[in-house]
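Participant: Sequence first, then the predicted structure, then my questions.
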Amino acid sequence: MINNTDDAYLNSCRDALQAEQTKSLSQTNNWEHVDREKVHNEWDLLYKDIAQLIDTNKPEDEEVQKLMGKHYAIACKFYRPSKKAYIGMGLFYNDNEDMKNYHNAYHPKMVEFLIDAIHYYSETYL
C-alpha cells in the first residue's frame with residue numbers, strides 16, 4: 001500500500017495537510033467551534049477499538065475501514081480534509097514525535113497501522 005507510494009506524492013500530502021489546516025485554523029479562530037473535550041473522548045474510544053484489531057486484521061479489512069470512516073468523520077469536525085490532506089494526517093502521526101507517542105500508547109503498531117488504513121480509506125472513499 002503506502003510503501004509503494006513515491007516520496008514526492010507523500011510530501012505533497014504533507015503539504016496539503018499543512019495548507020488546509022493553516023487555512024482552517026485562521027478561518028475558524030483556531031477551531032473554536034470544536035468541543036475539544038468531546039472530540040478527544042471520541043478519539044480515545046475509537047483508538048481503543050482500532051487497537052483491538054491491529055493484531056488480527058489488515059488495514060484494508062472492512063471492519064477496520066468502517067472505523068476509519070469514523071476517524072474521518074471526527075477529523076471533519078475540525079474541517080473536511082481532502083484526500084491528500086487526510087493521507088498527510090496519517091503521515092503526521094509518524095512525523096511528529098508527540099503524536100507518534102500518543103497514538104502508539106494505544107498499541108505499539110498504531111501509527112504504522114493508521115498510516116496504511118488512512119491511505120487505503122483515502123484512496124477508496126475520498
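Facilitator: Alright, I've got the coordinates. Predicted model only: the values in this text are computed from it and were never measured.
Participant: On the C-terminal side of the longest helix anywhere in the chain, identify the next helix or strand.
Facilitator: Using DSSP state H to define each element, the chain has its longest helix at helix 7-27. Moving toward the C-terminus from helix 7-27, the next helix or strand (DSSP states H and E) is helix 36-51.
Participant: List the buried residues for that following helix?
Facilitator: For helix 36-51, the neighbour count (16 or more other CB atoms under 10 Å) marks 42, 43, 46, 47, 50, 51 as buried. The C-beta positions use only the backbone N, C-alpha and C, and glycine is treated the same way.
Participant: The second one: what's it in contact with?
Facilitator: So that's residue 43. residue 74 (CB atoms under 8 Å, 6 or more residues apart in numbering).
Participant: try residue 14
Facilitator: Residue 14 sits next to 88, 91, 92, 95 when contact means CB under 8 Å, 6+ apart.
Participant: Now intersect the residues you listed with the helices, please.
Facilitator: 88, 91, 92, 95.
Participant: Next one: the first one relative to residue 119, how far apart?
Facilitator: Going back to what we said before, that points to residue 88. From residue 88 across to residue 119, the span is 10 Å (CB to CB, to the nearest Å).
Participant: Equivalent analysis for the third one, please.
Facilitator: As defined by CB to CB, residue 92 lies at a distance of 13 Å from residue 119.
Participant: between the two, who's got more neighbours?
Facilitator: Higher neighbour count among residue 92 and residue 119: residue 119, with 24 against 19, using other CB atoms under 10 Å.
Participant: where's that one, which helix or strand?
Facilitator: In the assignment (DSSP H and E), residue 119 maps to helix 110-125.
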